[in-house]
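Q: Any chance you could fold what I've pasted below:
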Amino acid sequence: MKASTDRMLTRIKSIYLYIHQRGTVTTNELVEEFGITQRTIQRDLNVLEYNDLVESPSRGKWTTTNKKIRVS
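A: From the prediction side, this is the model:
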C-alpha cells in the first residue's frame, strides 16, 4: 500500500473515532482538530458516509451511525 493511502486511512479512522467519542461535531471542529483543509475533511467524511459510518443530521454537523464496527 502506498504511504499516502496509509496516511489517508489512518486519518479517516482518527476522524471516525473523534466523532464517535464526541457524539456530534461540526465540519469546522474537524478542520481545527486535524489541521487539514475543509475540502480534505469533506472528502474523508464522504468516505465515512458512503460506508454508512457517519451521517449528517443537519448541515455541517456529523455524528456516527449505529453500524457495528471493529476497530483494530
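Q: Stretch 40-47 - what's its average pLDDT?
A: Stretch 40-47 comes out with an average pLDDT of 97.
Q: Could you pull out the buried residues of it?
A: Neighbour counts over stretch 40-47 (16 or more other C-beta atoms under 10 Å) mark 41, 44-45 as buried. Where you see a C-beta, it was placed from the backbone N, CA and C, and this is true even at glycine.
Q: And the contacts of it?
A: Stretch 40-47 is contacted by residues 8, 11-12, 15, 27, 30-31, 34, 54, 56, 62 when judged by C-beta atoms under 8 Å, 6 or more residues apart in numbering.
Q: And Glu55, which helix or strand is it part of?
A: Glu55 belongs to strand 54-58 when assigned by DSSP states H and E.
Q: Partner strands of the following helix or strand past that strand, with direction?
A: Per DSSP H and E, strand 54-58 leads on to strand 61-64 as the next helix or strand towards the C-terminus. According to DSSP bridges, strand 61-64 has the following sheet partners: strand 24-26 (antiparallel), strand 54-58 (antiparallel).
Q: and the shortest one, what's its mean pLDDT?
A: The one in question is strand 24-26. Across strand 24-26, pLDDT averages out at 97.
Q: And the longest one, by the same measure?
A: Averaged across strand 54-58, the pLDDT comes to 94.
Q: Would you indicate which residues of that strand are buried?
A: Buried residues in strand 54-58, counted by 16+ other C-beta under 10 Å: Val54.
Q: ok, and what's touching it?
A: For strand 54-58, the surrounding residues in contact (C-beta under 8 Å, 6+ apart) are 16, 19, 24, 45, 48-49, 62-65.
Q: Which of those residues ranks first by neighbour count?
A: In terms of neighbours by other C-beta atoms under 10 Å, the contacts of strand 54-58 top out with Trp62 at 25 neighbours.
Q: how about that residue, what does it touch?
A: 19, 24-27, 30, 45, 54-56.
Q: which helix is the longest one in the protein?
A: helix 3-22 (DSSP state H).
Q: Could you point out which of the buried residues of stretch 40-47 is nearest to Met1?
A: Asp44 (17.1 Å; C-beta to C-beta).
Q: does the closest one belong to a helix or a strand, and which?
A: When elements are assigned from DSSP H and E, Asp44 belongs to helix 38-50.
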